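Q: Coordinates for the following, if possible.
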Amino acid sequence: MTRLLLSTANKYQTKNYYENEATMKRVMLIAGGTLGGLGAVLAITPPQLSSTSSLTGAGTAAATPKTSTPKPAATQTPKAASGVFSGPSVYVNYGNVQVQITVSNGRITNAVALQAPSGRNDRFTQMAIPILKQQTLAAQSDQIQGASGASYTSYGWFKSLQGALAKAGL
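A: Numbering: from 1, shown residues only. As a prediction, the model looks like this:
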């Protein structure tokens with residue numbers, strides 16, 4: 001009777017051992033997959049399109065409040081810029097992006113891509129350029145959101161637009 005109980009107990013211990021081993025394998029696969037997926041997402045995070053964000057040494061966004069005393073308004077009015085201004089050609093992973101803006105009385109009236117990625121990514125470029133143009137005209141600055149699915153083209157547009165705005169004095 002005792003021998004029967006011991007053999008039954010050993011059988012259950014052996015079964016639990018294999019179940020635990022299978023469970024551990026699953027846990028390791030899930031943990032490895034999660035870490036691998038997280039690494040992939042972090043590796044291909046689109047660039048930030050805001051020129052006002054800063055990073056601390058640890059890599060987190062700095063949240064430092066700025067305190068300043070209000071300054072009196074300037075008595076001179078800025079000279080309204082007019083003309084056509086081209087930004088620099090910016091290389092992104094799929095080609096060059098260059099923006100040209102038309103400014104009339106200090107307002108952006110048109111934005112055109114002089115250069116844009118083509119080839120295998122042409123469909124993304126064709127989708128993104130009208131969106132980026134619309135955002136530029138609506139914002140009247142470089143504070144655009146970018147086009148979903150075309151983050152590299154959006155970044156190139158943003159950097160070239162900054163250069164064109166600087167030439168225009170805006």
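Q: how about the residue nearest to V84 when sequence neighbours are not counted, secondary structure?
A: With sequence-adjacent residues excluded and distances taken as CB to CB, 6 or more residues apart in numbering, V84 is closest to T102, at 5.2 Å. C-betas here are computed from N, CA, C, even on glycine. Here T102 is recorded as strand under DSSP: H, G, I helix; E, B strand; the rest coil.
Q: Can you report how many residues neighbour T102?
A: By the criterion of other CB atoms under 10 Å, T102 has 16 neighbours.
Q: Domain-wise, how is the protein divided?
A: When the chain is parsed with automatic domain parsing, its domains come out as 1-45, 83-168.
Q: Check those domains for me: which has the lowest mean pLDDT.
A: Mean pLDDT is lowest for domain 1-45 out of those, coming in at a mean of 69.
Q: The residue nearest to V84 touches S86, doesn't it?
A: No: the criterion here is CB atoms under 8 Å, and T102 misses it with S86 at 10.5 Å.
Q: Mean neighbour count, the domains of the chain: which tops it?
A: When neighbours are counted by mean count of other CB atoms under 10 Å, the highest per-stretch mean among these falls to domain 83-168, a mean of 18.
Q: first vs last residue of that one, how far apart are they?
A: End-to-end distance for domain 83-168: 8 Å, by CA to CA, to the nearest Å.
Q: Next: stretch 92-108.
A: Stretch 92-108 end-to-end distance (CA to CA) = 24 Å.
Q: Quick check: the residue nearest to V84 vs K133, distance?
A: Using CB to CB, to the nearest Å, T102 is found at 11 Å from K133.
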